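> got a structure for you, letters missing:
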C-alpha cells in the first residue's frame, strides 16, 4: 500500500474514517521489533550441520547447544529457527519418514489395546471416563495467577521504551509460556494414554465459543478442551483407532445409562440423581460419559 508522502496511509489522509459504534479510528500503530517473531528457514545449501556432539552448527552463528526432544529418523533437509515471545528459540527439521499403515501401527506391541471409552469433559474434573475414572483438572492458569499478576504489575510500572520494561515484558511472556507448556504437556500425556489403551474414543463435541461467552470464560480457556480433542483425533488416526465426536445436542446428562429413560435437565449443582424409571442412582458426569459411549457406538454402527 502506498502512502501520501508523509508516511500516512490513504485511508487516514484528511482524517480517519468513522467507526461503526461512533468515534474515529486513529492511525495504525507501528509494531516494535520485539513483536516481530518471524521464522527463518535454512536449507542444505546454506551449509548448516549437526555436529558429532549433538550441536547445531548454523552459518554466521556457529555451533549451538540444543535440547533434543527426539532423535531424527533421517538426515534433515531443512531447519527452521523461530523465536517466540518469551525469547526462546525453537528448531524444526524437515525429514523423510515412512508412515506405517494403521494396521501395522495398531499391531505394535508397544501400543496397548483395550475396550472403547466415552469421555465427558468438564471444569470440576477435566475428564470423566465411562469406566468411572475421573481426571482432576490441573487449573494451570488459576494456580499461576498470583505470579502472573505480580509480573504484569511490575511491567505496568516500567517506563515505555526503557530496558527495564523490556526485561519486565520478557518475564511476563515467560510466565505465560510456562503455563502454556504445562497445559500442553498435560494434554499430550493424557491423550496418548487414552488412545493407546482404547480401541475407540468417543467425546462430546463441545461449543467452546459459546461457553467462552459466559462468566466461566477464564476456566474454559484454562482447560483447553479444543486442543485436547484435536490431539485425541490425530493420535487416534495415527494408531488406527476409531474417533467419533458426539453431537453437542445429545442430552448425555439427562438420560439414564441403565434403562434409557430421559428424566429431563437437572441444575448444575446436582451432581448425583436417581432415575425415575429404574431407580438407579447415577453420578452425573460418569452417567454422561457412559451415554456418550453408547451414542458413539450407535453412530458408528448405523
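That came through, no problem. None of the values given here were measured: they were computed from a predicted structure.
> pLDDT weak spots in the stretch 101-250 of the chain?
For the stretch 101-250 of the chain, residues meeting the criterion pLDDT under 70 lie at 101-114.
> Please, where are all the strands along it?
Secondary structure of the stretch 101-250 of the chain (DSSP state E, counting those that start in this stretch): strands at 117-121, 125-129, 134-136, 200-204, 242-246.
> The ones you listed into CSV, with extra columns for distance to residue 80?
For glycine as for every other residue, the C-beta is placed from the backbone atoms N, C-alpha and C. Shown next, in CSV, are the strands of the stretch 101-250 of the chain (distance: least, Cβ to Cβ, whole Å):
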stretch, distance to residue 80
strand 117-121, 33
strand 125-129, 33
strand 134-136, 34
strand 200-204, 32
strand 242-246, 30
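> Buried deepest among those, which one?
strand 117-121 (a mean of 25; mean count of other Cβ atoms under 10 Å).
> and it, what does it pack onto?
Judged by 3 or more Cβ pairs under 8 Å, 6 or more residues apart in numbering; DSSP states H and E, strand 117-121 is in contact with strand 125-129, helix 163-197, strand 200-204, helix 225-238, helix 284-301.
> same question for the last one, mean pLDDT?
Confidence over helix 284-301, taken as the mean pLDDT, stands at 90.
> how much does that helix deviate in direction from strand 117-121?
130 degrees (axes from the mean of the first three to the mean of the last three Cα atoms, to 10 degrees).
> so how far is helix 284-301 from its chain's centroid?
How far helix 284-301 lies from its chain's middle: 24 Å, per Cα atoms, centre = their mean, to the nearest Å.
> how about the nearest residue to residue 277, chain neighbours excluded?
residue 261 (3.7 Å; Cβ to Cβ, 6 or more residues apart in numbering).
> So what's the residue count around that neighbour?
Residues within reach of residue 261, counting by other Cβ atoms under 10 Å, total 13.
> of the strands of the stretch 101-250 of the chain, which approaches residue 222 most closely?
Of all those, strand 125-129 sits nearest to residue 222, with 10.0 Å by Cβ to Cβ.
> Given the closest one, what are its sheet partners and their directions?
Using DSSP bridges, strand 125-129 pairs in its sheet with strand 117-121 (antiparallel), strand 134-136 (antiparallel).
> How far away from the center of its chain is that strand?
17 Å.
> One more: stretch 64-74?
That offset, for stretch 64-74, works out to 23 Å (Cα atoms, centre = their mean).
> now stretch 160-167
The answer for stretch 160-167 is 31 Å, by Cα atoms, centre = their mean.
> Indicate which one of the strands of the stretch 101-250 of the chain is closest to residue 183.
strand 125-129 (10.4 Å).
> who's in contact with the closest residue to residue 292 other than its chain neighbours?
Excluding the flanking residues, the one nearest residue 292 by Cβ to Cβ, 6+ apart is residue 118, at 3.9 Å. Neighbouring residues of residue 118 by Cβ atoms under 8 Å, 6 or more residues apart in numbering: 129-130, 202-203, 289-294, 296.
> 10 Å - rerun?
Applying Cβ atoms under 10 Å, 6 or more residues apart in numbering to residue 118 gives the contacts 128-131, 198, 200-204, 244, 246, 252, 257, 286, 288-297.
> coming back round to it: figure out which of the strands of the stretch 101-250 of the chain is closest to residue 170.
strand 125-129 (30.4 Å).
> related to what we said a few turns ago, can you verify my assumption that the residue nearest to residue 277 contacts residue 275?
Yes. Residue 261 is within contact range of residue 275, at 5.8 Å (criterion: Cβ atoms under 10 Å).
> Find the residues that touch each one of those two.
What both residue 261 and residue 275 touch, as defined by Cβ under 10 Å, 6+ apart, is the set residue 255.
> Distance check, residue 264 against residue 270.
12 Å (Cβ to Cβ, to the nearest Å).
> next one: residue 251
Taken as Cβ to Cβ, the span from residue 251 to residue 270 is 15 Å.
> The two: which is more packed in?
When neighbours are counted by other Cβ under 10 Å, residue 251 comes out ahead of the other of residue 251 and residue 270, with 13 against 10.
> circling back to that earlier point, and the strands of the stretch 101-250 of the chain: which comes nearest residue 223?
Per Cβ to Cβ, nearest to residue 223 of the strands of the stretch 101-250 of the chain: strand 125-129, 6.3 Å.
> Can you check what angle separates that closest one from helix 225-238?
Using the same axes, to 10 degrees: strand 125-129 against helix 225-238 is 40 degrees.
> Can you tell me the element residue 63 falls in?
strand 62-64 (DSSP states H and E).
> List the neighbouring strands of that strand plus their orientation.
By DSSP bridges, strand 62-64 pairs with strand 56-58 (antiparallel).
> Thank you, goodbye.
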